[in-house]
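> Predicted structure and sequence below. I'll ask about it afterward.
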Amino acid sequence: MTQPALVLSDVSKTFRSGGRLIQALSDVSFQIQPGRVTGLIGPDGAGKTTLMRLAAGLLVPDKGNIEVLGIDVGKDPIQVQSQVGYMPQRFGLYEDLSVQENLELYADLQNVPRQERPVRYKELMHMTGLAPFTRRLAGQLSGGMKQKLGLACTLVRSPQLLLLDEPTVGVDPVSRRELWQIVYQQVQNAGMTVLLSTAYLDEAERCDEVVLVHEGNLLGQGNPQDFSDEVSGHVFQISAAHLGARQLQAQLSHAPGVLDALIEGETVRLVMQAQAAANPDILLPGESGVKITPLTPHFEDAFVAKLKTRPDRDEQKLDLKVGISGQIGDEVIQVKNLVRRFGDFVAVNNVSFSVRRGEIFGLLGANGAGKSTTFRMLCGLLPASSGQLAVAGHDLRVAAARARGSIGYMAQKFSLYSNLSVLQNLRFFSSAYGLRGKRQSKRLHWALTTFELESYRDANAADLPLGYKQRLSFAAALMHEPEILFLDEPTSGVDPLARREFWAWTNALAEIGVTVLVTTHFMAEANYCDRLVILSDGEVLTQGTPREIKDLARNTANPDPTMEDAFITLIEQKKTAA
Amino acid sequence: MPFAHIIALAVKEFLALLRDKRGRYVLIGPPIVQLLVFSFAATFDLNHVPVAIYNQDTGSASRELISHIEGSPNFEIIRSINHDADIAPLIDNKDVLLVLHIGPNFSADILRGSSTPIQVILDGRNSNTAMIAMNYLRSILLDFNRDSMKKQGQTGPRTVLEIRNWYNENLQSRWFIVPGIVGLLTLVVTLLVTALSVAREREAGTFDQLLVTPFRPVEILIGKAIPGIVVGLVESTVIILLAIVLFKIPLRGDIGALYLGIALFLLSATGIGLMISSIAVTQQQAILGAFLFMVPAVILSGFATPIANMPIVVQWLTYLDPLRYFLVVVRGVFLEGDSYALLFNQYWPMLIIGIVTLAFAGWLFRHRMY
Amino acid sequence: MIANTASRMRLLGMIRKETWQILRDPSSIAIAFVMPVVLLFLFGYGVSLDAKHIPVGIVIEQPDLATRSLAGSFSRSEFFSSVLYSTIQEAEKALDKRDIEGIVWMRNNFSANLLSGRQAPIGVLINGVDSNQANITRGYIQGTWLAWLSHYTEAHGRPLPMPVTLEQRVWFNAALSSRYFLVPGLIAIIMTLIGSLLTAMVVAREWERGTMEALMVTPLRIGEMLAGKLIPYFILGMGGMLFSVVLAVWEFDVPLRGSFWLLTLSAALFMLVALLIGLLISIVSKNQFVAGQLAIIVTFLPAFILSGFLFDINSMPAPVQLLTHLVPARYFVAILQTLFLAGDIWPVILANMGALLVMLIFFFTLVRIKSRKRLD
């Protein structure tokens, strides 16, 4: 075999953060082979970014040795840096420089000979689809385009080893597909070696090999298929004649022997423990019309089986008493012909939809599709250019302050006070909604116990692990038991385990009649919604139930399309129509 | 209910401000250091001005004049020279600020009772220093003249200037500068606290979170104004105490009149800070905005240079500067013993600036476009 | 050879990028162009220590020839704008209300006493709150009074020779115009703003936005990165200097008596020191808020107060004077005031440039030690 592209031997790294010592990596050893795509997979805080930075020579390990392309990183980082390409999670694009200028800068820094540049630029721009935008400022590109430009800048001088740190986070499915195509092209045409970390587990299956890390430890390395095979025979699809997917999932997740229960359209995907059998009488006692079919396992099934250490949350503990002021099924949110312009740019163009009480309503779309703008207008944070909107009969922008008391809001990025403690944050937001005295302390206790924040109550919000930050935001939005809940990208950047937990809570809320409006760019999460709208370029692409939307992509070639397939089909249809 | 809201908001603001080590440091460290350094450094009084004497006279009168100069704490004779050519290098190289040239016939002329000139060569690079040194020298000479006329039994006209300085009897710069620093530092601290408060929340996204709660903009405004005012109040009290105890500045007026002025000044400074903060999109813009306001505000306030010396158009501009009014109040109460009535014309403009800027800031909370 | 061209390419790339960014960032423009203009005009036109038309009250309890001629001296002087009062109470009230800055008080028996050779003192009350202005006011009152006295005694046939008169010759700034010394000093302040405040914030922004990480994994050497940052801001700062010099000479009529090249050379030296301090601040803080704070506290305020720009260093207490030696602006202000008003005085210029050179070497070493191509 040829020389490995990257060798880690007994690498350890610790950080000091907020007075505590964090073991980011402990005694990690592995090799990756040249000319292949290797995926670095693990939940948040597993040490993926640290590993990438160590390989790029930006950090020095406490212990152990790293060799990149046969060069010792510790001894000659500059030599390594001139042979690898590294794209950090937040790629350092200069937002006040244009696409072309960013490329030029990195070409200069990477010493790409001038005569080779025009050809290379053309190739990269063509590959990334950025050719029409070379003069646009990087700051004005959509998230997916920024990511592609970042990749183009990294590839401007074809590196031998390409390190990509979560390149597809927050990127819409179409752009993700394009990014992957670019990566494959590099591997096939230029013989490049790629190490790529990702939180999207479906992407793991596209890798030739995966390296699984968890809490700084190496859990395994191998072909993704090998991992999936471990749970082979334990994955099932289950449906019940008289139960909706949501209730079904809720019941199944507490059934004995169940490792994971995930809504997939109208059915539930089940991963069972190795010893447990998928017996309908044990899983759903007393339920009739239960259908169980074995499935070929996905990588995600194996991942969850490997990492899931605690059982699903018990929704009954989400002990909320929401005063619902109306009938289930009333229209609580109405949006009619909503338009929002920023100068010449139309961010939201003639959008109409309505949300019924007690449903989970999804707002789907790529970054820059107009989800957040619509969302902000609904919450009264941004005035509409024209059109009508009402939330529980009010336009929140002009309504009395009290009208806002019936909604809960969780912003896109973590937006609680980072230097206030968990308890102080919760106390502040509960008093914002007029909670005082005994009721307040009761609710505080509720929040701390339900979301397992008790052990962090005096920690600064900024120092929480990502998953706990998200819980805290969720708790803060629920302190006053709102009947309408706005959730803006609640699962962005959150690992699959935390995402499952989060949706379990949201489902429980919907079950007691809370109306939930949620935006997401994870197409798979659309399955959790009762109904949804897909936005693209500020316009409604389609709306309906998840099944109705998937039906649009159903054909003989693809009898069981995913939401992502549907999305891509619709986008392509729109393109050809245009 | 609104009262509970405001309390909750103010508590949150204080926690956000004071839980952070860096935040605490910025509020406590720099103001104290600045007070000490500035109070000692910022003075127009001259001490030990280096002087060279070029004495061509051999008589007793010149020796007496020189001893007058030696006796003054303002001057220090560091060199005696004997040639014209020595003058230029001393002045050029900043070894001395001035050279006193006494001609060869000095004593003889004085004995004869005729008038005799002496020459002063001054380094005018710092015009203010030169002018002050010149004034000191004139006073010494006036005394010398009176003495020597008395000695010779001359009876000139018996008119003298009986000069009394009100409020700052010994004309100590420090009495003027330190109360000014009370105003300056109070402004700096209040602006820092408030100018970042909205911008920081906008950048962190918490401002949106705040706006979707049932808080009214006016409650948010008051909640955000309270820390600025309280911190400013504490800070100015500390500085005032230091001014009285450490720098022995007399406090002659009504302390109530002083605190009324402080309250109104803090209101206007808070309003300006929150307005800058509401206009800014990022923290960087807020810092620079505060800086762009602060520098001209200090220069135009009469802190170091009198407003009366400014051109009339610039003087109009100073009416927009709350520090201008506040400095009159602080100095007035400290040194002149002013009370409410005399300061009324300083109070109301600060109140108006405060109300207008706060109203604008509150309006911007909801109407700022992104 | 190959390494050289590669290095030059990277350096030029960095410089080009910085230049684009400067030109597109409103806050750079604000600090580099708006602030200097505001400061220059404020100090050039607005702020002045030269009192003119000081409002004084003249109290004449009994109008007659002598009192009227003294009052006339005051009203003719360009230093005063005089207001007549007939009682001291009225005038004191005006002084209390800050309508006037001083009072010259001739009592009702002033002329009679003066003519009969009895004591005829003149009362002078000055508002001493602003001690500096009070000193200046006193000087002007004394001068006006002395001029009147010699004129008066001569007119009455009893010339009164003062034993000693003062002939003053002010070098470099004969009119003692404060603008002449404020405007050159201001150039040091403006260059501090661009060199330290702007640079500190701009580099800190790279850390905050994550662009630093992307730069670090390129083959860019640390020296190239520093040079790439220094050169554009150096040019910007020198541009600011040139602009200020032009404004000072043509708009504010400040004479430039020394050599322009010497001025440029010393400005370049100072600019490098300011830039290095700015870089150091940004490396230490890595965050715009802290960098901005530090830059204001460590560079801007000392340049204002402790550099001799406004307040005379010789008059500060000894410990504070020692402290001023750590302020680079101190040396540059001395060079500026000398070059503008006095000329090429080599001993002054060499000594101060030597001090700047020492600081340059010190900060350069510190920056080299502190900046590593690593994240931890």
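Everything's here; your move. Residues are numbered from 1 along each chain as shown, chains lettered A, B, ... in the order given.

> Only C-alpha atoms from now on, for both contacts and neighbour counts.
OK.

> any idea which residue of chain C is furthest from its center?
Most distant from the centre of chain C: C:Ser116, at 51.6 Å, with distances by CA atoms, centre = their mean.

> Tell me the confidence at it?
Looking at C:Ser116, its pLDDT is 77.

> so how far is C:Leu198 from it?
Look at C:Ser116 and C:Leu198: by CA to CA, to the nearest Å, they are 71 Å apart.

> Please apply the same query to A:Ala347.
Where C:Leu198 is concerned, A:Ala347 sits at a distance of 34 Å (CA to CA).

> Those two: who's more crowded?
More crowded of A:Ala347 and C:Leu198, by other CA atoms under 10 Å in any protein chain shown: C:Leu198, with 27 against 22.

> give me phi/psi at that one?
phi -60, psi -50 (degrees, to the nearest 10).

> surely it meets C:Ala30?
No - checked against CA atoms under 8 Å, the pair C:Leu198 and C:Ala30 is beyond contact range at 9.8 Å.

> Give me the pLDDT for residue 141.
No chain specified, so I'll use chain A. 80.

> my bad, chain C
In this model, C:Ile141 carries a pLDDT of 89.

> Also C:Met162?
Value for C:Met162, per-residue pLDDT: 69.

> and if you look at the one 3 residues further on?
The per-residue pLDDT reported for C:Thr165 equals 72.

> Next, it: secondary structure please.
strand (DSSP: H, G, I helix; E, B strand; the rest coil).

> Wondering if stretch A:405-422 reaches chain B at all.
Yes - between stretch A:405-422 and chain B, judged by CA under 8 Å from any CA of the partner chain, the touching residues are A:Gly405, A:Tyr409, A:Met410, A:Ala411, A:Lys413, A:Phe414, A:Ser415, A:Leu416, A:Tyr417, A:Asn419, A:Leu420.

> In PyMOL, how would I select the buried members of those residues?
Buried subset of the residues of stretch A:405-422 next to chain B, written as a PyMOL selection, criterion 16 or more other CA atoms under 10 Å in any protein chain shown:
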select buried, chain A and resi 405+409+410+411+413+414+415+416+417+419+420
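
> now the chain, which segments are flagged as low pLDDT?
No chain in the question, so chain A it is. The model of chain A has pLDDT under 70 over residues A:1, A:17-20, A:91, A:170, A:309-324, A:367, A:400, A:493.

> Actually, chain C is the one I wanted.
Checking chain C against pLDDT under 70 turns up C:1-3, C:158-163, C:373-376.

> And the contacts of stretch C:145-162?
B:Gly113, B:Ser114, B:Ser115, B:Thr116, B:Asn145, B:Gly156, B:Pro157, C:Ser69, C:Leu70, C:Ser73 (CA atoms under 8 Å, 6 or more residues apart in numbering or on different chains).

> Wait, C:Ala295 touches C:Ile281, no?
Yes - between C:Ala295 and C:Ile281 there is a contact at 7.0 Å, judged by CA under 8 Å.

> which residue lies farthest from the center of chain A?
Chain A, farthest from centre, CA atoms, centre = their mean: A:Gln115 at 41.0 Å.

> Can you get me a residue count around C:Ala120?
Neighbours of C:Ala120 (other CA under 10 Å): 21.

> Give me the distance between it and chain A.
Noted for C:Ala120: a distance of 73 Å to chain A, by CA to the nearest CA, to the nearest Å.

> Just confirm that residue contacts B:Val160, I think it does.
Yes - counting by CA under 8 Å, C:Ala120 does reach B:Val160; the two are 7.2 Å apart.

> Just want the most central residue of chain A.
Closest to where the C-alpha atoms of chain A average out (CA atoms, centre = their mean) is A:Ser492, at 3.8 Å.

> which residues does that one contact?
Counting by CA under 8 Å, 6+ apart, the residues that A:Ser492 touches are A:Val169, A:Gly170, A:Gln412, A:Thr520, A:His521.

> which parts of the stretch 201-350 of chain C sit against chain A?
C:209-221.

> Give me the buried entries from the residues you listed.
Using 16+ other CA under 10 Å, the buried members of these are C:209-221.

> Out of these, which is nearest to A:Asp260?
Set against A:Asp260, the nearest of these by CA to CA is C:Gly210 (36.9 Å).

> tell me which element residue 304 falls in.
Defaulting to chain A. Element membership for A:Val304, per DSSP states H and E: helix A:299-307.

> my bad, the chain I had in mind was chain C
When elements are defined using DSSP H and E, C:Phe304 is found to belong to helix C:301-305.

> Just the CA atoms of that helix, as CSV, please.
Taking C-alpha atoms only, helix C:301-305 is exported to CSV below (Å, rounded to 0.1, in the frame of the first residue of the first chain):
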residue,chain,number,x,y,z
LEU,C,301,-5.6,59.5,25.8
PRO,C,302,-1.9,59.5,26.7
ALA,C,303,-1.2,61.1,23.3
PHE,C,304,-3.7,63.8,24.2
ILE,C,305,-2.7,64.5,27.8
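
> Now tell me what touches it from outside.
So helix C:301-305 is contacted by B:38, B:41-42, C:188-189, C:192, C:309-311, C:327-330 (CA under 8 Å, 6+ apart).

> Kindly recompute the last result at 6 Å.
C:Ala329 (CA atoms under 6 Å, 6 or more residues apart in numbering or on different chains).

> just to revisit the earlier point, so C:Ala295 and C:Ile281 - more neighbours on which side?
C:Ile281 (27 against 24).

> In space, what's closest to the closest residue to chain C within chain A - neighbours in sequence excluded?
Closest residue of chain A to chain C, CA to the nearest CA: A:Gly92 (3.5 Å). Once flanking residues are discounted, A:Gly92 sits nearest to C:Thr211: 3.5 Å by CA to CA, 6 or more residues apart in numbering or on different chains.

> A:Gly233 and chain B, how far apart?
Relative to chain B, and taking CA to the nearest CA, A:Gly233 is found at 46 Å.

> related to what we said a few turns ago, buried residues of the helix holding A:Val304, list them for me.
A:Phe299, A:Glu300, A:Asp301, A:Ala302, A:Phe303, A:Val304, A:Ala305.

> before we move on, what about stretch A:275-288?
Of all the residues in stretch A:275-288, those buried under the rule 16+ other CA under 10 Å are A:Ala278, A:Pro280, A:Leu283.

> Looking at the residues you listed, spot the one nearest chain B.
Using CA to the nearest CA, the shortest approach to chain B within the buried residues of stretch A:275-288 belongs to A:Leu283, at 41.7 Å.

> contacting residues around the closest one?
Listed by CA under 6 Å, 6+ apart, the contact set of A:Leu283 reads A:Ala255.

> can you give me the strands in the stretch 151-300 of chain B?
Assigned strands in the stretch 151-300 of chain B, in chain order: B:161-166 (criterion: DSSP state E, counting those that start in this stretch).

> tell me which parts of it are close to chain A?
B:Ala204, B:Gly205, B:Thr206, B:Thr213, B:Pro214, B:Arg216 (CA under 6 Å from any CA of the partner chain).
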